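Colleague: Below: sequence and its predicted model.
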Protein chains: 2
Amino acid sequence: MSYPPDKLHSMRIVVLAGGIGGARFLRGLKQAAPDADITVIGNTGDDIHLFGLKVCPDLDTVMYTLGGGINEEQGWGREGETFQVKAELAAYGVGPEWFGLGDRDFATHIVRTQMLGAGYPLSAVTEALCARWKPGVRLLPMSDDRVETHVAVDVPDSPTGERKAVHFQEYWVKMRASVEAHAVVPVGADQAKPAPGVLEALAAADVILFPPSNPVVSIGTILAVPGIREAIADAGVPVVGLSPIVGDAPVRGMADKVLAAIGVESTATAVAQHYGSGLLDGWLVDTVDAASVAEIEGAGIRSRAVPLMMTDLEATAAMAREALALAEEVRA
Amino acid sequence: MSYPPDKLHSMRIVVLAGGIGGARFLRGLKQAAPDADITVIGNTGDDIHLFGLKVCPDLDTVMYTLGGGINEEQGWGREGETFQVKAELAAYGVGPEWFGLGDRDFATHIVRTQMLGAGYPLSAVTEALCARWKPGVRLLPMSDDRVETHVAVDVPDSPTGERKAVHFQEYWVKMRASVEAHAVVPVGADQAKPAPGVLEALAAADVILFPPSNPVVSIGTILAVPGIREAIADAGVPVVGLSPIVGDAPVRGMADKVLAAIGVESTATAVAQHYGSGLLDGWLVDTVDAASVAEIEGAGIRSRAVPLMMTDLEATAAMAREALALAEEVRA
């Protein structure tokens, strides 16, 4: 591996991203590498149909965050949001009420649904929406095909120990991941094709990054689309990730719940080993997990301990610089 | 004709209604005949697909007006309305901007579109929406089939005098009926079937009323659905209308524009003659048009001159009482 292969183009960085964690990391990456050509492959396994509208939470979180429209406080949804439509839907007895769609956000889903109904693939719709938001990256859905992450949970009070599958959003948002997840299944992923541009971006990448996104329901879902994992391995460029687990607990969210479902411990080391040295070349852990570095390196993955809390833009940009530096170390 | 055929049921009144005029008249009718069993056959020729959503302006105006949710000032749309969704759609460059859908109103169209998408006919959807609004009448769309009123207008500055068809809402709302309407065509009406309950309601009616709604694009469209005109004639009960034209001008709206398109003068007399004695038994004109009564009666339609301005609920209830009184006069 050598970088750059030539000096004729900007560094091409491909990032696999989920929602909040991915979006915030991308903001830091843009600051750390202002001249880079960044392509984001976004998770669509969280997508859900609500009120007849197609909602793509992770794509929108990336788009709003990088485009300056995000609600900074909560990390998702629009700033200056109101909830008239939702209140009216509830007055009609139409739910679900547990998913917080605001009026501004509704407009995005209305435009998306109208375009999909007119026959445009999700990738073209995403490009059209980004024409307004100008996120400064090329945002691609992982696939134009429908993939929907379902979670197997116990049927409450079932005497026979029955289980049922619920949509990831129902598990995550409605149940607050409060019950055990027995399995996480990206329904449809095995039949899905990477969206136009995804494999091409990976093949042309100089660096591939896994931000501190959920390894199961965000990055794991993207990797479940046939062809993407192979394209990453075949790219022959450094693949570097940042641990979403700091001190044996997820930095945010409830990643531990879904890691347990796939039999992976909630540690920076276990997540690195889950990805494996066949996929991952480098892995950043937080300074509190510095003791894990040796074990990770023993597993064939270059590792370094640096501060991994995205407390502000500068801290996040520093993380991105560390990831790029580790990539160069791997390449050399 | 005799009324009531028996005393075992409340008076059954069927009203053919457009939007604002029909809705306001219905409010007066409910006050004038609080025990009556009122069925409203609503015009759906104004319906339009906007942003991928099915919008039914006339049905909604009746529903909101009778259910207490109307913007009283403007006569359509919701009270306490906000416009966040519309502003966002405009920010995406998605129009049309000339149709003023508010956030609260959007919820109605979202519910309707979702139900239609799930396979429910418009009549079932309307019943479901009315379960919330409790309008105190049975509101039926004239048809579950798609009917869309188009207006033929000149292509601006066409050297060859070309014409084009525009949706009624584009003519009415965007163009403010500012150009000549060469023709008004309820596209699809000839293939449409009356919605479930429409013919049954007409057959069981004790009285049929035409409120001061637009005779062309509201009541005319309803009458264009095969079977409805015949059912009215076959009902064998008094059919009484109220003139929407007072002193040679429409009370509100721009009915003169579309009357011209079908070659009917904008006078109370001409509209009565347009409906004709084969359909209409009685016709109320405003006191300023008292001189027309003789001519209308000469055309075989019982007529009376009474105040026809719906200035407030009491004045409107008085109009409804006059219409019912004229119906009894016809019946006797």
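Modeller: Perfect, I can see it now.
Colleague: distance between the ends of stretch A:138-151?
Modeller: End-to-end span of stretch A:138-151 (Cα to Cα, to the nearest Å): 30 Å.
Colleague: same check, this time on stretch A:226-239
Modeller: Stretch A:226-239 end-to-end distance (Cα to Cα) = 18 Å.
Colleague: ok, and for it, which residues are buried?
Modeller: Neighbour-count burial for stretch A:226-239 flags A:228-229, A:231-232, A:235, A:237-239 (criterion: 16 or more other Cβ atoms under 10 Å in any protein chain shown). To be clear about C-beta, it is placed using only N, CA and C from the backbone, and glycine gets the same treatment.
Colleague: Quick check: nearest residue in space to A:I228, chain neighbours excluded?
Modeller: A:P194 (5.6 Å; Cβ to Cβ, 6 or more residues apart in numbering or on different chains).
Colleague: and if you look at A:I70?
Modeller: Of all residues not flanking A:I70 in the chain, A:Y64 sits nearest, at 4.1 Å (Cβ to Cβ, 6+ apart).
Colleague: roughly how far apart are the residue nearest to A:I228 and B:S292?
Modeller: Distance, A:P194 to B:S292, using Cβ to Cβ, to the nearest Å: 74 Å.
Colleague: Following the chain past whatever helix or strand the residue nearest to A:I70 lives in, name the next helix or strand.
Modeller: In this assignment (DSSP states H and E), A:Y64 forms part of helix A:57-67. Later in the chain than helix A:57-67, the nearest helix or strand by DSSP H and E is helix A:84-91.
Colleague: which residues sit against that next one?
Modeller: Applying Cβ atoms under 8 Å, 6 or more residues apart in numbering or on different chains, the external contacts of helix A:84-91 come out as A:51, A:95, A:97, A:100-103, A:106, B:82, B:84-85, B:102-104, B:106-108, B:110-111, B:132.
Colleague: Sitting in helices, which of those residues do you find?
Modeller: Among those, the residues falling in helices (DSSP state H) are A:103, A:106, B:84-85, B:103-104, B:106-108, B:110-111, B:132.
Colleague: Spatially, which two of those are the most separated?
Modeller: Distance extremes for the ones in helices among the contacts of helix A:84-91: the farthest pair is B:Q84 and B:R132 at 21.8 Å, using Cβ to Cβ.
Colleague: Out of those two, name the residue with the larger neighbour count.
Modeller: A direct count of neighbours by other Cβ atoms under 10 Å in any protein chain shown for B:Q84 and B:R132 places B:Q84 higher, at 23 against 17.
Colleague: Can you get me a residue count around the closest residue to the more buried one other than its chain neighbours?
Modeller: In this structure, B:Q84 finds its nearest non-sequential neighbour in A:D103, 3.8 Å apart by Cβ to Cβ, 6+ apart. When neighbours are counted by other Cβ under 10 Å, A:D103 registers 27.
Colleague: what does chain A put close to chain B?
Modeller: A:51-53, A:82, A:84-89, A:91-94, A:102-104, A:106-108, A:110-111, A:113-114, A:117, A:128-129, A:131-132 (Cβ under 8 Å from any Cβ of the partner chain).
Colleague: Show me which of those are buried.
Modeller: Buried among the residues of chain A next to chain B (16+ other Cβ under 10 Å): A:51-53, A:84-86, A:88-89, A:92, A:94, A:102-104, A:106-108, A:110-111, A:113-114, A:128-129, A:132.
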